[in-house]
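**Q** heads up, no residue letters with this:
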Ligand SMILES: Nc1ncnc2c1ncn2[C@@H]1O[C@H](COP(=O)(O)OP(=O)(O)OP(=O)(O)O)[C@@H](O)[C@H]1O
């Protein structure tokens, strides 16, 4: 009998127990029948969507991370699925967007779920595919109304560079652990951020929307792809040394736990304006091996909100202290230049010259000097004539957005959290929630549901 054994570091391993019987009158197949019947009963008495999957569609990205996707799947995951009698249809992707197009153009009703073997980019493709399919081809993003939650579960077997989605949801980027979560039928709803410009839908995001520091780091890392995952370290150091900050206005709607409505008491904050080293919006804690507790450790997975972290312009030493706290288990928000909000909607606008009332004010944490002022056009020409307080030395007057590891060139964005839009084949680990989120009614409900 195969079973899951929990190991340190949130890892799960496959173990087995062998039973012997001296009584020849109890044939082996009766033991097996009884156990299978019991397993079936257990699944049926849990929530209906907790049933173990029997047929999965699997996409393998052969070029993600260290190009080990196929090897990881064949050596570590496929044997587990065979033991669990899960039938699979495997597609090795041939180019970007192959997985999304496949989902949209083929019948997926026969499957209990779709897995991506790769990094966050591959997962993102699969997620876009299932969300778009769930809208019955109405055209995702064409409407600003409700979006239908996707019923098909999506899962991730980590084989990428950062594997943020996997690490955040199951606590490790170990492929065997991820496969075991799939096998036992774990699933968890997940909020998704819908990203638009004023005119059009752009994309969905689940991990990080980062402007400034994380946007610049990603943009620079694209020049060093040949370095593999370590390109993020090199580019992170370069971005830190540049010390750029950008001017903009951030408007947002604070999240509350109640349903929305004209009398819901939701507050609408507007006009947080100034120079920012980083603007981060996380719909989940966004953790990875380097930053195990994540960019925003207490972000919920499925509460209809996201965590907005505004890092105002600051000295390099202050920024370094802020970044170092991400690697240790310390409060990274306990700095006077860091503001945090739990929000349901955000709008970001880069500020044009003359539009910023706060430019004249001396910023306590500013590292800009007049010699660093840059008044050129943005690289995209989208936001020309930027405010004179933009302190971007040497190169660019605007940053770009890092959207789950992909670059967005549009700088002015509207983001709305779409609650529980997809279901993930994972189990949210409770310790973090109980320890840090006990003051939230929604998390208390989540605990109660889970306890049931
Ligand atoms: N066969 C392929 N050839 C080229 N690109 C592909 C192929 N299959 C998928 N892709 C694209 O590769 C991109 C990167 O893949 P992925 O995100 O899985 O790896 P990564 O960037 O190394 O990992 P992470 O996102 O975790 O840092 C994805 O955006 C995906 O669309």
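**A** Structure received. It should be emphasised that the depicted structure is a prediction, and the values quoted were computed from it without experimental measurement.
**Q** which parts of stretch 90-100 are buried?
**A** Buried positions in stretch 90-100, judged by neighbour count with 16 or more other CB atoms under 10 Å: 91, 93, 98, 99, 100. Where C-beta positions appear, they are placed from N, C-alpha and C, glycine not excepted.
**Q** quick one: buried residues of stretch 319-336?
**A** 319, 322, 323, 325, 326, 332, 333, 335.
**Q** among those, name the ones in helices.
**A** Among the buried residues of stretch 319-336, DSSP state H puts 319, 322, 323, 325, 326 in helices.
**Q** please tell me how far the last one sits from residue 294.
**A** Separation of residue 326 from residue 294 (CB to CB, to the nearest Å) stands at 8 Å.
**Q** again, but for the third one
**A** Applying CB to CB, the value for residue 323 to residue 294 is 14 Å.
**Q** which residues are common contacts for the two?
**A** Taking CB atoms under 8 Å, 6 or more residues apart in numbering as the criterion, residue 323 and residue 294 do not both touch any residue.
**Q** circling back: out of the buried residues of stretch 319-336, which one sits closest to the ligand?
**A** residue 326 (16.9 Å; CB to the nearest ligand atom).
**Q** any idea which helix or strand in this protein has the lowest mean pLDDT?
**A** For the chain, the helix or strand with the lowest mean confidence is helix 430-436, at a mean of 40 (criterion: mean pLDDT, DSSP states H and E).
**Q** tally of neighbours for the closest residue to residue 401 other than its chain neighbours?
**A** Counting by CB to CB, 6 or more residues apart in numbering, residue 408 is the residue found nearest to residue 401 once chain neighbours are left out, at 4.0 Å. Using other CB atoms under 10 Å, residue 408 has 20 other residues around it.
**Q** rewinding a little: let me have the buried residues of stretch 90-100 in TSV, extended by distance to residue 397, pLDDT and secondary structure.
**A** Shown next, in TSV, are these (distance: CB to CB, whole Å; pLDDT from 0 to 100; DSSP: H, G, I helix; E, B strand; the rest coil):
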residue	distance to residue 397	pLDDT	secondary structure
91	43	98	strand
93	37	97	coil
98	36	97	helix
99	36	97	helix
100	33	95	helix
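**Q** tell me how many other residues surround the closest residue to the ligand within the stretch 301-450 of the chain.
**A** Residue of the stretch 301-450 of the chain nearest the ligand, by CB to the nearest ligand atom: residue 405 (4.2 Å). Look at residue 405: counted by other CB under 10 Å, it has 22 neighbours.
**Q** do you know how far the spatially most central residue of the chain is from residue 22?
**A** Residue closest to the mean C-alpha point of the chain, counted by CA atoms, centre = their mean, is residue 207 at 2.1 Å. Here residue 207 is placed at a distance of 55 Å from residue 22 (CB to CB).
**Q** from the ligand, how far out is the residue nearest to the centre of the chain?
**A** For residue 207, the distance to the ligand (CB to the nearest ligand atom, to the nearest Å) stands at 9 Å.
**Q** ok, that residue touching residue 282?
**A** Yes: if you go by CB atoms under 8 Å, residue 207 and residue 282 touch, sitting 6.8 Å apart.
**Q** what is the end-to-end distance of stretch 287-294?
**A** The first and final residues of stretch 287-294 sit 4 Å from each other (CA to CA, to the nearest Å).
**Q** could you do stretch 290-310 as well?
**A** End to end - CA to CA - stretch 290-310 spans 21 Å.
**Q** show me which positions of that stretch end up buried.
**A** Buried residues in stretch 290-310 (16+ other CB under 10 Å): 291-310.
**Q** from the middle of its chain, how far away would it be?
**A** Remark: stretch 290-310 is offset 9 Å from the chain centroid, using CA atoms, centre = their mean, to the nearest Å.
**Q** helices along the chain, start to end?
**A** 28-45, 69-72, 78-83, 98-105, 120-134, 164-170, 175-183, 213-221, 231-242, 316-327, 430-436, 441-451.
**Q** what's the closest of those to the ligand?
**A** Here helix 120-134 is closest among the helices of the chain (CB to the nearest ligand atom), at 2.4 Å.
**Q** the closest one packs against which elements?
**A** strand 55-60, helix 98-105, strand 113-118, strand 153-158, helix 164-170, strand 201-205, strand 413-424 (3 or more CB pairs under 8 Å, 6 or more residues apart in numbering; DSSP states H and E).
**Q** could I get those as JSON lines with distance to the ligand?
**A** Below are the helices and strands packed on helix 120-134 laid out as JSON lines (distance: least, CB to the nearest ligand atom, whole Å):
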{"stretch": "strand 55-60", "distance to the ligand": "8"}
{"stretch": "helix 98-105", "distance to the ligand": "6"}
{"stretch": "strand 113-118", "distance to the ligand": "3"}
{"stretch": "strand 153-158", "distance to the ligand": "8"}
{"stretch": "helix 164-170", "distance to the ligand": "6"}
{"stretch": "strand 201-205", "distance to the ligand": "12"}
{"stretch": "strand 413-424", "distance to the ligand": "15"}
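**Q** want to throw the ones you listed into CSV with distance to residue 228?
**A** Putting the helices and strands packed on helix 120-134 into CSV (distance: least, CB to CB, whole Å) gives the following:
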stretch, distance to residue 228
strand 55-60, 18
helix 98-105, 22
strand 113-118, 14
strand 153-158, 15
helix 164-170, 16
strand 201-205, 24
strand 413-424, 27
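**Q** leaving out the residues flanking it, which one is nearest to residue 295?
**A** Per CB to CB, 6+ apart, closest to residue 295 is residue 286, 4.4 Å.
**Q** what sits against the one you found?
**A** 164, 168, 207, 208, 294, 295, 296, 299.
**Q** up against the ligand, what does the stretch 51-200 of the chain have?
**A** 61-65, 93-98, 118-122, 125, 160-163 (CB under 6 Å from any ligand atom).
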